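Engineer: Predicted model follows, preceded by the sequence.
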Amino acid sequence: MLLVVLADTHIPRRAKGLPDGLTPHLESADLILHAGDLLVEDVLYELEAYAPVRAVKGNVDGWDVRLPETLEFEVGGVPVAMIHDSGPKKGRRNRMRRRFPRSRVVVFGHSHIPWLEDEDGFMLLNPGSPTDRRRQPDHTFALLRIEGGVWAEILTL
């Protein structure tokens, strides 16, 4: 299974829409994950035109964005958790392992800082932002592949 992982799209405040460079990846996705800060539900509908979507609410999402704060589910037998804000970098790994003890992968956002760490069977993945790079050098997103194991990669746009 191929998952496209997004966060912090901030549409329409930071961008009018999803970047064109995402389209080929979205078209090949089996599932799309969005780790919050969509701003409006229309982003979900746009993503759902490509593949099923799992998403969590971000701290600046509108009152009408009806999403859970966290999600836990399985993809291809792999337990995945999602949260928007994982807290400070210091202690993040232990904090997320305590919060989601059964998860193999924890997807988060909020900082706009791409992050991929996979140690001891526990992956932390922040795809960054495809539309609002803030102080980062590039707009980013991630691919997560689940096929006989778990593999992830952060890509630039």
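Structural biologist: Done, it's in. Residues are numbered from 1 along each chain as shown.
Engineer: now N94, what's its secondary structure?
Structural biologist: Each residue gets one of three states, and N94 gets helix by DSSP: H, G, I helix; E, B strand; the rest coil.
Engineer: measure it to K57 for me?
Structural biologist: Applying CB to CB, to the nearest Å, the value for N94 to K57 is 24 Å. C-beta coordinates here come from the backbone N, C-alpha and C atoms, glycine included.
Engineer: and those two? which has more neighbours close in?
Structural biologist: A side-by-side neighbour count of N94 and K57, using other CB atoms under 10 Å, places K57 first with 20 against 9.
Engineer: these two touch, right, the more buried one and A35?
Structural biologist: No: assessed by CB atoms under 8 Å, K57 is found out of contact with A35, at 9.9 Å.
Engineer: Between these two, which contacts overlap?
Structural biologist: Taking CB atoms under 8 Å, 6 or more residues apart in numbering as the contact criterion, the residues that touch both K57 and A35 are H84.
Engineer: pLDDT weak spots in the chain?
Structural biologist: Filtered on pLDDT under 70, the chain yields no residues whatsoever.
Engineer: quick one, helices of it?
Structural biologist: Taking DSSP state H as the criterion, the chain contains helices spanning 23-28, 42-48, 92-99.
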